[in-house]
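Enquirer: dropping the sequence and predicted coords here.
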Amino acid sequence: SEALTIGALQQWLYRFASEITTQADWLTELDSAIGDADHGTNMVRGTAAVVTKLDGGATGTVQELLKAVGMTLVATVGGASGSLYGTFFIEMARNSPADVQLNGSELENALHAGVNGVIARGHATVGDKTMIDALEPAVTALSQSLADGQQLQCSIAAAAAAATTGRDSTKPLVARKGRASYLGERSAGHIDPGAASAAILLAALAASIGE
Ligand code: ADP
Ligand code: MG
Ligand code: MG
């Protein structure tokens, strides 16, 4: 398929929620090593609220769907990640068409805007040991793959793979942003929890296209 329909985007969000629930204990364990042990519960609370919102129906356009998701996450996740994930979806929404599907370049534009929104809000760059270490390489891989003429499904798979590699790249790093940065050198040796949840977000997208 060469476009993500609103139905596929909804499947993405349902799958994100279910994967977050499955991996919540791991996310919290990661956050207990370098933070305050709440990333799993924060994300479960937020994605459960998104599921409730989706179950309520009537999302209309891609723009409306993504905006509702962002607003829900801002209101429910809490912590640093709540406003950052909220910004991600709200900026995606602002840069999506008022239509019922996203083609490859529209998805690329929306994701790029979402990541830039997180950077504008959190001031992290690649290497700071945050969700940006998973998100930015994912968008770069998507753009590269689409520019190479690959199918959308294949390009999203490449983005998800890059997010996973980016997640793992955070392990040796010393955190320079967020709560983990308070630990200084002691933050090295642990995967960043937000990079882990961001890799789940991209994996869920890859699993939801072409279904
Ligand atoms: P809190 O740190 O407030 O308890 P969470 O535990 O839910 O919030 O989320 C922590 C994650 O948020 C980190 O692992 C990191 O990926 C992300 N994060 C924190 N600060 C920033 C930032 N300034 N920019 C990007 N991501 C950040
Ligand atoms: Mg935390
Ligand atoms: Mg917290």
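Expert: Great, that's in hand. Ligands and ions are numbered 1, 2, ... in the order given.
Enquirer: dump the residue contacts of whichever residue of the chain sits closest to ligand 2.
Expert: Nearest to ligand 2, among the residues of the chain, is residue 35, at 3.9 Å (C-beta to the ion). Using the backbone N, CA and C atoms, a C-beta is placed for each residue, glycine as well. By C-beta atoms under 8 Å, 6 or more residues apart in numbering, the contact set of residue 35 is 178, 179, 180, 193.
Enquirer: what does the chain put close to ligand 2?
Expert: The chain has residues 31, 35, 36, 38, 39 near ligand 2, with proximity defined as C-beta under 5 Å from the ion.
Enquirer: now residue 176: closest residue in space that isn't a chain neighbour?
Expert: If the residues on either side of it in the chain are set aside, residue 176 comes closest to residue 128, at 4.2 Å by C-beta to C-beta, 6 or more residues apart in numbering.
Enquirer: low-scoring stretches of this protein, by residue?
Expert: Regions of the chain meeting the criterion pLDDT under 70 cover residues 1, 210-211.
Enquirer: where along it do the strands fall?
Expert: 3-5, 101-103 (DSSP state E).
Enquirer: residue 153: which of those strands is closest?
Expert: Taking C-beta to C-beta, strand 3-5 is the member of these nearest to residue 153, at 9.7 Å.
Enquirer: wait, residue 19 sits on residue 204?
Expert: Yes. Counting by C-beta atoms under 8 Å, residue 19 does reach residue 204; the two are 5.6 Å apart.
Enquirer: show me what residue of this structure gets nearest to ligand 1.
Expert: Closest approach between the chain and ligand 1, counting by C-beta to the nearest ligand atom: residue 194, at 1.9 Å.
Enquirer: give me every residue that touches that residue.
Expert: When contacts are counted by C-beta under 8 Å, 6+ apart, residue 194 touches 39, 80, 81, 84, 130, 131, 134, 178.
Enquirer: wait, the residue nearest to residue 176 sits on residue 180?
Expert: No. Look at residue 128 against residue 180 with C-beta under 8 Å: they stay out of range, at 9.6 Å.
Enquirer: if you count what's nearby, which of these two comes out ahead?
Expert: The neighbour count for residue 128 versus residue 180, taken as other C-beta atoms under 10 Å, is higher for residue 180 (29 against 21).
Enquirer: give the closest residue to the more buried one in space, chain neighbours not counted.
Expert: Closest to residue 180 by C-beta to C-beta, 6+ apart is residue 34, at 4.0 Å.
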